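A.B. asks: With the sequence up front, the predicted model follows.
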Amino acid sequence: MKFLFDQSADFRLIEHLRGRGHDVTAISRDYPHSLADEDVLSIARQERRILVVADRDFGELIFNQGFSHAGVLFFRLPGAKLQTKIEHLDQVLHEYADELAAGEFVVVASGNIRVAG
């Protein structure tokens, strides 16, 4: 799978994904720093990348303003340890890979993973 990390996401997860063979890029590393959320969505959509975020503004853009996307993985785990995030990420990749590949908006919260929309 192809992923794009927004600067709000935990960049420590990038190496975990790359270690599992995924193609991962990141805002402020592979693209300019401080891009508008609309521009980040556009890059992800154009490159067919699943956008990884920890910023709820993307939900507003997608669900209330109608912006299109190629799939979003929204981590709502503030303060969680890296290992906890990795465990949730692995669960998503195992149980929700089809939904992500189909361009769904997947929300990861403590004890709960769901497809929004």
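C.D. replies: Everything's here; your move.
A.B. asks: Excluding its own residues, what touches the host helix or strand of residue 107? List them.
C.D. replies: Here residue 107 sits within strand 105-109, counting by DSSP states H and E. Residues outside strand 105-109 that contact it (C-beta atoms under 8 Å, 6 or more residues apart in numbering): 59, 62-63, 69, 71-77, 88-89, 92, 96, 99-100, 113-117. In short, each C-beta sits where N, CA and C put it, glycine included.
A.B. asks: Toward the C-terminus, what is the element adjacent to it?
C.D. replies: strand 112-116.
A.B. asks: Which strands or helices does that next one pack on?
C.D. replies: Using 3 or more C-beta pairs under 8 Å, 6 or more residues apart in numbering; DSSP states H and E, the elements in contact with strand 112-116 are helix 82-95, strand 105-109.
A.B. asks: Identify, out of those, the most deeply packed stretch.
C.D. replies: When the helices and strands packed on strand 112-116 are scored by mean count of other C-beta atoms under 10 Å, the highest mean neighbour count falls to strand 105-109 (a mean of 19).
A.B. asks: Now do that one and strand 112-116, the angle between them.
C.D. replies: 160 degrees (axes from the mean of the first three to the mean of the last three C-alpha atoms, to 10 degrees).
A.B. asks: Bridge partners for the most centrally placed residue in the chain, pull those for me.
C.D. replies: Central residue of the chain (C-alpha atoms, centre = their mean): residue 52, 1.5 Å from the mean position. With DSSP bridges as the criterion, residue 52 is bridged to residue 5, residue 73.
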